[in-house]
Structure formats: C-alpha cells, structure tokens
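Participant: Sequence first, then the predicted structure:
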Amino acid sequence: MTRIGRSDLDILPLSLGGNVFGWTADRDTSFAVLDAFRDGGGNFIDTADGYSAWVPGNSGGESETLIGEWLASRKPSDIVVATKVSTHPDFRGLSASNVRAAAETSLKRLGVDAIDLYYAHFDDADTPLDETVAAFADLVRDGLVRYVAVSNYTAERIGEWISLAEAAGADLPVAIQPHYNLVHRTEIERDIVPVAERHGMSLVPYYALASGFLTGKYRSADATGDSPRAGGAAKLATPAGLALIDALEEVGDAHGASIATTALAWLRAQPTVAAPIASASKVEQVADLLASASLELTRDEIARLSDASEAAQD
C-alpha cells in the first residue's frame, strides 16, 4: 500500500479508471471489472462527473452512477473514490456555486457521505482562482470532501493555488493528475514533478498506457482496433515507439509480466507517483493492471526503459 501525498488515504498503487463505465463497458461489464479489481486487492477508483457525456445518448454522470450502484450493491469497506468537477454539461467551470452544486450531485450519484479525493478537472480562466480555492476549502470544511486535488493544471497555476490556500489557511491539494507515461514525459518531469516534490503532493497520472499503445497492441501506424482510441494509439507506432515496445516486452519477459504491466510498473517507480490510472473494458484486462502494483523493476531496467522512451516522446 502507498499513501497519497499528505493525506491519510492508503491505496494499492494502481487506480482503476472509470472513464469507460457507461461508455465501452456496460453495467454488467462495469460491475464485473470492479469486482475483479476489488477481489485482486485494488481499492482506488478514479472517475469524473463528465464521464461519459461524449457518448451519444449519455448526459454525463454515467460513470459515477454505475460506481455508486456497485458500491451500494457490494458495500466494500475500504474503497477510495476520486472524482472531478468542471466538465459535466450542467456544471461547467469552477465558480463557487458550480463547484458546490456539482459536488452535491456527485455525492448523490456515488451514494457516499464524502468524496475522498476531489479534483479541479481543468483550470478555469474565467473564474478567479481564489474563488475556486475557497470553494474547495468550503467543501472540506463542510465534510463533503476529504481531500483536494488538481488535474491538468500548469506548474505555475498549482503554485498559485497553493499560495492562495496557505494565505487563507485552507487545505492544500494533496495530488496532481497529469497526462504522464513513457511516451509523454518531458513537461511533467521538468515542471510538475518538482512542484509535487516541493509540496509533498502525489502524482496520479492518466493516459498511463497512452490510449493502449503501451499495451503492445498497436504495432503499426495503420492499426485499427475495437477501441475508440485505437487511432491515437496507432499514431505512436513510429520506429522509436516500436523500439520502446520491444524494450518493454524484453524487460517484462524477464519477470513473466506483460507489456502493459511493465509500462505501469515503470510509471509507478517514478518520483512522486502514487498510482497510475488505467482502465479496463474487459474483465480479463484487470489482472495485468493489478500485477503492476507488485512488479518491482531493477534500477537498470528502469533506466533502460527511460532511455528507450527518450526518442519516442509524442
């Protein structure tokens, strides 16, 4: 188990992404995936109020609703749930009134008394940052949220948030959720990791498997697949990208681990990373994800993968 930043949230170092629930995973499949994750020791679930409003016929909140129904049905005792605000069609942005209304609605969908980890999903240039910081602080004060976090914020804006929170005596963010993986590293390692180290924050990276490319499934730029993200993943199948996949396969083979497991283990081993986020649309995908939480790569293996990834940056 590991701990998220300065919080008391103890988690298996892998977060199950809820973006597929109500999108590429229907109710029965979502429940089966959640069951397999929990049965395998997983206890950290990531979602957002906007998941999955982009699907025809959806209105947003479908993922939270399915997770809430699963929580009500299974009644697990130690699940940590993270969700986000700012992208639901009815609750866009980070004004104080919107943040409060969105949080209250997320609580109803999830069926929980408090949100364990609540992210500002995307920075809102139209709302003064001090208003947003105060709104999140009020949620913590009122017991609706346990810990605050930010997603997709620049290092500069994270610093501004922290300064405002410190000046107001408000709770500081404990986590940052960035786009971070073996083929998207430079900006995060240069700018975001130092902020996290300085303020005792944890990274909980999304796109940990680069839309599926780091599973080894897409080995051609012309690849197609049953995933809605297949096109984006296939674009990474450059010579350098494929050399990285080969290195992941060789390192993984030494441990009897899959390419996906190895890629997640590399990310988990990076400074300040608490838990990569990875999703599963099929039950059989869950085991490889969970295996990453216990796979310990050697220093040489980590260095080899880091070196191989330098030329494969997107």
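Facilitator: Yes, it's here. Numbering: from 1, shown residues only.
Participant: Now do the helices in the stretch 101-250 of the chain.
Facilitator: 129-141, 155-168, 186-187, 193-199, 230-234, 239-255 (DSSP state H, counting those that start in this stretch).
Participant: got the ones you listed as a markdown table, with mean pLDDT, distance to R3 and mean neighbour count columns?
Facilitator: For every residue, glycine as well, the C-beta is placed using N, CA and C. Formatted as a markdown table, the helices of the stretch 101-250 of the chain follow (pLDDT from 0 to 100; distance: least, Cβ to Cβ, whole Å; neighbours: other Cβ atoms under 10 Å):
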| stretch | mean pLDDT | distance to R3 | mean neighbour count |
| --- | --- | --- | --- |
| helix 129-141 | 98 | 18 | 20 |
| helix 155-168 | 98 | 19 | 16 |
| helix 186-187 | 96 | 26 | 12 |
| helix 193-199 | 98 | 14 | 17 |
| helix 230-234 | 68 | 32 | 18 |
| helix 239-255 | 97 | 25 | 18 |
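Participant: Tell me which of the ones you listed sits nearest to P76.
Facilitator: Proximity to P76 (Cβ to Cβ) singles out helix 129-141 among these, at 23.5 Å.
Participant: Packing partners of that closest one?
Facilitator: helix 96-110, strand 115-120, strand 145-151, helix 155-168 (3 or more Cβ pairs under 8 Å, 6 or more residues apart in numbering; DSSP states H and E).
Participant: contacting residues for A53?
Facilitator: With contact taken as Cβ atoms under 8 Å, 6 or more residues apart in numbering, A53 is in contact with S59, G60, G61, T87, H88, P89.
Participant: Tell me where the model's unsure across the chain.
Facilitator: Under the criterion pLDDT under 70, the flagged ranges of the chain are 220-232.
Participant: hmm, what's the outermost residue in it?
Facilitator: Distance to the chain centre peaks in the chain at A167, reaching 28.7 Å (criterion: Cα atoms, centre = their mean).
Participant: Now do the same contact list for A303.
Facilitator: A303 neighbours (Cβ under 8 Å, 6+ apart): none.
Participant: what do you get for V148?
Facilitator: Y118, A120, F136, A137, L139, V140, D171, L172, P173, V174.
Participant: which one of those is nearest S211?
Facilitator: Set against S211, the nearest of the contacts of V148 by Cβ to Cβ is A120 (23.3 Å).
Participant: what's the closest non-adjacent residue to that closest one?
Facilitator: V150 (5.0 Å; Cβ to Cβ, 6 or more residues apart in numbering).
Participant: so that neighbour makes contact with I162?
Facilitator: No - shown here, V150 and I162 do not form a contact pair, counting by Cβ atoms under 8 Å, at 9.6 Å.
Participant: Pull up the overlap in contacts between the two.
Facilitator: With Cβ under 8 Å, 6+ apart, V150 and I162 have common neighbours P173.
Participant: K84 bridge partners, please.
Facilitator: Counting by DSSP bridges, K84 forms beta bridges with Y119.
Participant: residue contacts, it?
Facilitator: With Cβ under 8 Å, 6+ apart, K84 has these contacts: T47, A48, D49, G50, Y118, Y119, A120, H121, S151, Q177.
Participant: Can you give me the distance of it to V33?
Facilitator: With the distance defined as Cβ to Cβ, to the nearest Å, K84 ends up 20 Å from V33.
Participant: now E187
Facilitator: Counting by Cβ to Cβ, the gap from E187 to V33 is 31 Å.
Participant: go on, L209?
Facilitator: Between L209 and V33 the computed distance is 15 Å (Cβ to Cβ).
Participant: Between the two, point out the one with more neighbours.
Facilitator: L209 (29 against 25; other Cβ atoms under 10 Å).
Participant: I figured that one hits I277, correct?
Facilitator: No - applying Cβ under 8 Å, one finds L209 not in contact with I277, separated by 9.3 Å.
Participant: can you give me the strands for the stretch 201-314 of the chain?
Facilitator: 202-203, 277-278 (DSSP state E, counting those that start in this stretch).
Participant: highest average neighbour count across those strands?
Facilitator: strand 277-278 (a mean of 27; mean count of other Cβ atoms under 10 Å).
Participant: now what about that strand, what contacts it?
Facilitator: 14-17, 46, 177, 204-206, 208-209, 260, 264, 289, 292.
Participant: F122 versus S52, what's the distance?
Facilitator: From S52 to F122 the distance is 16 Å (Cβ to Cβ).
Participant: Which of the two has more residues huddled nearby?
Facilitator: Comparing S52 with F122 by other Cβ under 10 Å, the one with more neighbours is S52, at 21 against 18.
Participant: How much space separates the residue nearest to L172 when sequence neighbours are not counted from V150?
Facilitator: In space, and not counting its chain neighbours, L172 is closest to A165: 5.1 Å by Cβ to Cβ, 6+ apart. Going from A165 to V150 by Cβ to Cβ gives 11 Å.
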